[in-house]
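Engineer: Sequence first, then the predicted structure, then my questions.
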Amino acid sequence: METKELSYKEAVAELEGIVRKMESDSCDIDLLTQYTARALELLKFCKERLLKTDKDVEACLEQLRTALSE
């Protein structure tokens, strides 16, 4: 699944699943590179989503401050 189609919650759940697979004694070493690449993709997606949300919340708070000071 493309990260653009995921919600933040789905991305975190997939990332947690990858971590469980990687920590498992039965981790398939041949898939380790794929797991790592997908985990990196998901981490980048989550970071971007968090930064955007922080920026959006900060903009809302600034609007509120402006409205209250008028």
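Structural biologist: Looks like it arrived, so ask away.

Engineer: in the chain, which residue is closest to the centre?
Structural biologist: In the chain, the residue lying closest to the centroid (C-alpha atoms, centre = their mean) is residue 46, at 1.8 Å.

Engineer: Quick check: closest non-adjacent residue to that residue.
Structural biologist: residue 11 (5.4 Å; C-beta to C-beta, 6 or more residues apart in numbering). C-betas here are computed from N, CA, C, even on glycine.

Engineer: isn't that neighbour right next to residue 5, touching?
Structural biologist: No - taking C-beta atoms under 8 Å as the definition, residue 11 is not a contact partner of residue 5, at 10.0 Å.

Engineer: Among those two, which residue is more densely surrounded?
Structural biologist: Taking neighbours as other C-beta atoms under 10 Å, residue 11 and residue 5 compare with residue 11 leading, 19 against 7.

Engineer: Can you give me every residue that contacts that one?
Structural biologist: 3, 42, 45, 46, 49 (C-beta atoms under 8 Å, 6 or more residues apart in numbering).
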